[in-house]
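**Student:** this is the structure alone, sequence omitted:
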Ligand code: ISL
Ligand code: CA
């Protein structure tokens, strides 16, 4: 059954870095409002806003201190209401980031929870030290540190799988779930159309015993996709979500296809789609900090595996936690434009709901940082500290961080070539890539051959084509350089061929060219460097 959220393109906004309007160097909601026309022109149907709630910003808003308040940096609740209304007028839906695995330690619940007698004590996960004085268990956090913090006030430790200012909520306490449901209703009643659910597959901790020692995330066998989490998701669906015209997309860490099916196949009644990570790991050894050469074959195989595994899912190559796709899976120098367009074809022709991260549509590249002082992200600073303890030399630490750091994607959007790229009249909260003089929205707006125009064209093509929107997927060829697949809907058949390399590649000419990222109409059996094409096969049955 077709649902509106399957057909629409989602555009992710990282509000701090999108558009500043009052000169404080921080993007804001009025800034998003001012750019709705550009988003409409692009063909965006849904916006996902990274957190705009009250927060001490230890982790840029992923540490929420009040779920019903807007951070003054971003504006007011009136601004938010205006954004929802104006977007709706343009037929753009908005989804909010729902961060409910943890709150900020400055949230009122946590403050009250520090008192062992308070009814809020049980909102979080408190444990005394071990008999030998050690931490309650041997788990490790996502942010390269221990995941227990001692609260001197009550003499006990609380669990935090992320930073120590992000205490984990206790989902064994039904009161927590009731609170979360109320928060969801609050936003749905305001007119938002769903949620991107942060690390949603780790909510329920089935035990707190020691985990098997691992290189990353010791203890995760006790919280990844536990039955308790499935039950929570089903009850959120039944009690809240099913009463609204909305959808959910879960950020699900370390999922396998089998886990993904349990979380997102329609008959399960849990999530509508998920973000899996496996394809984003095809250029790393074990953990993301150990990067290796990008391997298109591996990438295409993983994409295929996930296309085959779920009846519907997301397609994404970027977000606020990942380096820029053109710098990673393409070539951000010699073949910058070609490879960014190639990635646009792939993103918008796989089966699923495509997610575009701000700046991706103009081919923004990784940040040209020169030192750690320019990095703001807490995760990078923690990793640096940990590597230093392990005596990893400064030069190596810096190379690892520069390539993988989440701030690569968080630099302000490059709108034009005026000072600070038109992002702010003040001092930007995070540096702006110096390539903004060349690489900016306005320049691409004026250039019909730009990445921006190409995205628009590709989005319009997808919107008008049933095979691209909802056809079946089948991989035809995967090699070191090529990824060829078909999309089929009733008697319509499209073949998509992607060349991931700076060299020409031979392909079987099997149909009429619907679109070529290199602007060609006759291929002569060859793809140009980083060219992607969509072919229509007339005679297909
Ligand atoms: O950055 C990461 C992956 O490359 C992850 O370890 C990331 O922390 C994980 O995907 C969870 O991310 C989400 O929750 C975090 C927040 O810092 C991220 O920005 C958010 O996307 C904690 O809320
Ligand atoms: Ca501002």
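**Tutor:** Yep, it's here. Everything quoted here is computed from the prediction, not taken from an experiment. Ligands and ions are numbered 1, 2, ... in the order given.

**Student:** quick check: residue 270 vs ligand 2, distance?
**Tutor:** With distances taken as Cβ to the ion, to the nearest Å, residue 270 is found 37 Å from ligand 2. Any C-beta I mention is one placed from the backbone N, CA and C, and that applies to glycine too.

**Student:** what residues are up against the residue most central in space within the chain?
**Tutor:** By Cα atoms, centre = their mean, the chain has its centre lying nearest to residue 319, at 3.7 Å. The contact partners of residue 319, by Cβ atoms under 8 Å, 6 or more residues apart in numbering, come to 12, 275, 355, 357, 409.

**Student:** list just the nearest of those to ligand 1.
**Tutor:** The shortest approach to ligand 1 among the contacts of residue 319 belongs to residue 275, at 8.4 Å (Cβ to the nearest ligand atom).

**Student:** find me the pLDDT at that closest one, would you?
**Tutor:** As predicted, residue 275 sits at a pLDDT of 98.

**Student:** which bits of this structure sit near ligand 2?
**Tutor:** Proximity of the chain to ligand 2 is confined to 20, 22, 24, 26, 28 under the rule Cβ under 5 Å from the ion.

**Student:** buried subset of these?
**Tutor:** 20, 24, 26, 28 (16 or more other Cβ atoms under 10 Å).

**Student:** just say helix, strand or coil for residue 104.
**Tutor:** coil (DSSP: H, G, I helix; E, B strand; the rest coil).

**Student:** from here on, count from 44
**Tutor:** Happy to do that; since the first residue is 44 now, the last one works out to residue 147.

**Student:** how many residues are close by it?
**Tutor:** By other Cβ atoms under 10 Å, 27 other residues sit near residue 147.

**Student:** any idea how far ligand 1 is from the closest residue to residue 522 other than its chain neighbours?
**Tutor:** Spatial nearest neighbour of residue 522, excluding adjacent residues (Cβ to Cβ, 6 or more residues apart in numbering): residue 340 at 6.3 Å. Look at residue 340 and ligand 1: by Cβ to the nearest ligand atom, to the nearest Å, they are 22 Å apart.

**Student:** ok, residue 340 - contacts?
**Tutor:** 521, 522, 523.

**Student:** returning to what we had before: can I get the residues of the chain next to ligand 2 in TSV with secondary structure, distance to residue 193 and pLDDT?
**Tutor:** What follows is these, written out as TSV (DSSP: H, G, I helix; E, B strand; the rest coil; distance: Cβ to Cβ, whole Å; pLDDT from 0 to 100):
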residue	secondary structure	distance to residue 193	pLDDT
63	coil	39	98
65	coil	40	98
67	coil	36	98
69	coil	33	98
71	coil	37	98
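
**Student:** turn the residues you listed into JSON lines, including distance to residue 161.
**Tutor:** Supplementary listing: these in JSON lines, determined by distance: Cβ to Cβ, whole Å:
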{"residue": "63", "distance to residue 161": "40"}
{"residue": "65", "distance to residue 161": "39"}
{"residue": "67", "distance to residue 161": "37"}
{"residue": "69", "distance to residue 161": "34"}
{"residue": "71", "distance to residue 161": "36"}
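
**Student:** picking up where we left off before, any idea which helix or strand carries the residue nearest to residue 522?
**Tutor:** helix 339-352 (DSSP states H and E).

**Student:** next secondary structure element downstream of that helix?
**Tutor:** Next along from helix 339-352, by DSSP H and E: strand 357-359.

**Student:** if we can go back for a sec, how far away is the residue nearest to residue 522 from residue 388?
**Tutor:** Between residue 340 and residue 388 the computed distance is 18 Å (Cβ to Cβ, to the nearest Å).

**Student:** re the thing from before, what's the farthest-apart pair in the buried ones among the residues of the chain next to ligand 2?
**Tutor:** Across those, no pair lies farther apart than 67 and 71, at 8.0 Å, counting by Cβ to Cβ.

**Student:** anything in contact with each of the two?
**Tutor:** Common neighbours of residue 67 and residue 71, using Cβ under 8 Å, 6+ apart, are residue 116.

**Student:** which residues does residue 72 contact?
**Tutor:** Contacts for residue 72 (Cβ under 8 Å, 6+ apart) come out as 58, 95, 113, 117, 118, 122, 123, 125, 126.
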